[in-house]
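**Student:** compute the structure for the input listed below.
(2 chains)
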Amino acid sequence: DTEVTQTPKHLVMGMTNKKSLKCEQHMGHRAMYWYKQKAKKPPELMFVYSYEKLSINESVPSRFSPECPNSSLLNLHLHALQPEDSALYLCASSQPGFIAVTNRDTDTQYFGPGTRLTVL
Amino acid sequence: SQQGEEDPQALSIQEGENATMNCSYKTSINNLQWYRQNSGRGLVHLILIRSNEREKHSGRLRVTLDTSKKSSSLLITASRAADTASYFCATSTSGTYKYIFGTGTRLKVLA
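**Tutor:** Numbering: from 1, shown residues only, chains lettered A, B, ... in the order given. Sure, this is the predicted structure:
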């Protein structure tokens, strides 16, 4: 199973709302990522969790709050967003392999289908 | 910007022709990956090439890597209408989880 699932597929929220995006993988991957993608632009890294610990925060505003409850789940909590935060939010996972490459699949990122977020 | 650059930005070809897109990056890398993205959807992993490899094949895909020039190319042979998508390269540096995506090439294959 090489699937990463994301819910919801679409989300419309007001600037005062609190909502959460969810991501799940059952590939045993120990690194999980959140990306933001605007139309006709490449994905931009937001957060990385490795072994359930936050390892990278790309100076993301605090209105975005990531959470990794366990090795299979990744959440992104949203609060007081701005209209410019409207974008496609992508989750990905990978199996770290930079220590010892014993598996051809290590480092390959698998992406979910994304959540299309609209902030009104 | 730390982003890699891809060229061309857009490419339109006839079905059956080959499509070549190029990616240049700025720092030493651990590996380089190519992805395909259909309009507004998630990214599909195509191929990963490591820094000690020079060429890889997967079906109709051929990827080359020149670390001395900090560049990679993706060749799609015998293109099909279904290959119409945006293609991105992404690089990672050894010892980090940080992936940096290139600017992307929008490929259109005309039937």
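**Student:** C-alpha from now on. contacts and neighbour counts both.
**Tutor:** Noted.
**Student:** so which helix or strand takes in the closest residue to B:Leu107 other than its chain neighbours?
**Tutor:** On the basis of CA to CA, 6 or more residues apart in numbering or on different chains, the spatially nearest residue to B:Leu107 that is not a chain neighbour turns out to be B:Leu11, at 4.9 Å. Assigning secondary structure by DSSP states H and E places B:Leu11 in strand B:10-14.
**Student:** what is that strand packed up against?
**Tutor:** On a contact count with 3 or more CA pairs under 8 Å, 6 or more residues apart in numbering or on different chains; DSSP states H and E, strand B:10-14 meets strand B:105-110.
**Student:** ok, the strand it packs on: who's next to it in the sheet?
**Tutor:** In the sheet, strand B:105-110 lines up against strand B:10-14 (parallel), strand B:85-92 (antiparallel) (DSSP bridges).
**Student:** need these in CSV (columns: mean pLDDT and mean neighbour count).
**Tutor:** Converted to CSV, those look like this (pLDDT from 0 to 100; neighbours: other CA atoms under 10 Å in any protein chain shown):
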stretch, mean pLDDT, mean neighbour count
strand B:10-14, 96, 15
strand B:85-92, 95, 25
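**Student:** in chain B, what residue is nearest chain A?
**Tutor:** When you check chain B against chain A by CA to the nearest CA, the closest residue turns out to be B:Gly42, at 4.0 Å.
**Student:** show me the contacts for that residue.
**Tutor:** A:Leu90, A:Phe111, A:Gly112, A:Pro113, A:Gly114 (CA atoms under 8 Å, 6 or more residues apart in numbering or on different chains).
**Student:** and the closest residue to the fourth one other than its chain neighbours, what are its phi and psi?
**Tutor:** Nearest-residue entry for A:Pro113: B:Gly42, 4.0 Å, with adjacent residues in sequence omitted and distances by CA to CA, 6+ apart. The main-chain torsion angles of B:Gly42 are listed as degrees, to the nearest 10 and equal phi -70, psi 170.
**Student:** please verify my assumption that B:Leu32 contacts B:Ser94.
**Tutor:** No: taking contact to mean CA atoms under 8 Å, the distance of 11.0 Å between B:Leu32 and B:Ser94 leaves them out of contact.
**Student:** great, nothing more from me.
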